[in-house]
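**Student:** Sequence first, then the predicted structure:
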Protein chains: 2
Amino acid sequence: MAFHKKEEFNSKEQSLAAFAKAISHPARIAILNVLAKKNECICGDIVEVLPLAQSTVSQHLKELKIAGLIDGTIDGPRSCYCINWKAFEKFNAEFTSLFTNLKIKNEKACC
Amino acid sequence: MAFHKKEEFNSKEQSLAAFAKAISHPARIAILNVLAKKNECICGDIVEVLPLAQSTVSQHLKELKIAGLIDGTIDGPRSCYCINWKAFEKFNAEFTSLFTNLKIKNEKACC
DNA sequence: TTCGTTAATCGTATATTTGCGATATAAGAT
DNA sequence: ATCTTATATCGCAAATATACGATTAACGAA
């Protein structure tokens, strides 16, 4: 029975998979781009740019926050989001290390 | 109404999201590692190593193949899979270019 | 031909994701 | 205190993803 067997894989695999999942939707990539383009960590502006309802955008922001890719602070009646570069660096390293490890082990294609 | 609004985002966002989705499950990352470790493009061996049923592994392989990350050829009664390095390079470039673009635009955190 | 091996696919159950409108919350403005 | 604005959260519906067992297909060997 036992569904979602994700726990049975090692932590490195899980960590990278979780990160990939966070950016596995175009809306979330678009959000990251918006956050970076505007030098101020706006938030409601994202809703205007994306073809999604406010509640949906809020949900995507939450997922990015849970994944640690962005930080969010409450600023009066509005929220301020920005990219967490440290987390990005970490995951970027994990990601490229995957490729590197693979490439070292297997240089030539066999099929 | 209109669900899955993914089409409304630009192709770059969609392409990167699709790649991220392909590696957004630890089983698929594990498969990539197995494919690389063994210098031969085994296939049934993956089933032995992973804590998943044969049909499930086959499904994950299919997804990786659809995403273009691996190639598969039929070799007698068995299938031979291997990593598509070209696709990997392409997506690796897309991925790092995302970070680079973001970093150029926004050097300092604001919250 | 029949049997065994290997892997893909089908059917199905369950879980998760995506999306929206409605509602709640929180703070500044009037 | 009330109104407005901004955002989070709730509740729900639909779509996808994950997993498995059973079946099918394709081939080599007996």
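**Tutor:** Structure's in. What do you need?

**Student:** measure A:Ile29 to B:Pro77 for me?
**Tutor:** A:Ile29 sits at a distance of 42 Å from B:Pro77 (criterion: Cβ to Cβ, to the nearest Å). Where you see a C-beta, it was placed from the backbone N, CA and C, and this is true even at glycine.

**Student:** Mind naming the longest helix for chain A?
**Tutor:** When chain A is parsed with DSSP state H, its longest helix is helix A:85-105.

**Student:** Summarise which helices and strands that helix is packed against.
**Tutor:** helix A:11-22, helix B:26-37, helix B:85-105 (3 or more Cβ pairs under 8 Å, 6 or more residues apart in numbering or on different chains; DSSP states H and E).

**Student:** Lowest average confidence across these, which one?
**Tutor:** By mean pLDDT, the lowest-scoring of the helices and strands packed on helix A:85-105 turns out to be helix B:85-105, with a mean of 76.

**Student:** Tell me the predicted confidence for A:Glu40.
**Tutor:** On pLDDT, A:Glu40 comes in at 69.

**Student:** now A:Leu61, what's its secondary structure?
**Tutor:** Secondary structure assignment for A:Leu61 (DSSP: H, G, I helix; E, B strand; the rest coil): helix.

**Student:** That one: neighbouring residues, count only.
**Tutor:** 21 (other Cβ atoms under 10 Å in any protein chain shown).

**Student:** still on that earlier bit, need the helices and strands packed on helix A:85-105 in JSON lines (columns: distance to A:Ser97).
**Tutor:** Formatted as JSON lines, the helices and strands packed on helix A:85-105 follow (distance: least, Cβ to Cβ, whole Å):
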{"stretch": "helix A:11-22", "distance to A:Ser97": "9"}
{"stretch": "helix B:26-37", "distance to A:Ser97": "12"}
{"stretch": "helix B:85-105", "distance to A:Ser97": "11"}
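
**Student:** most tightly surrounded among those helices?
**Tutor:** helix B:26-37 (a mean of 22; mean count of other Cβ atoms under 10 Å in any protein chain shown).
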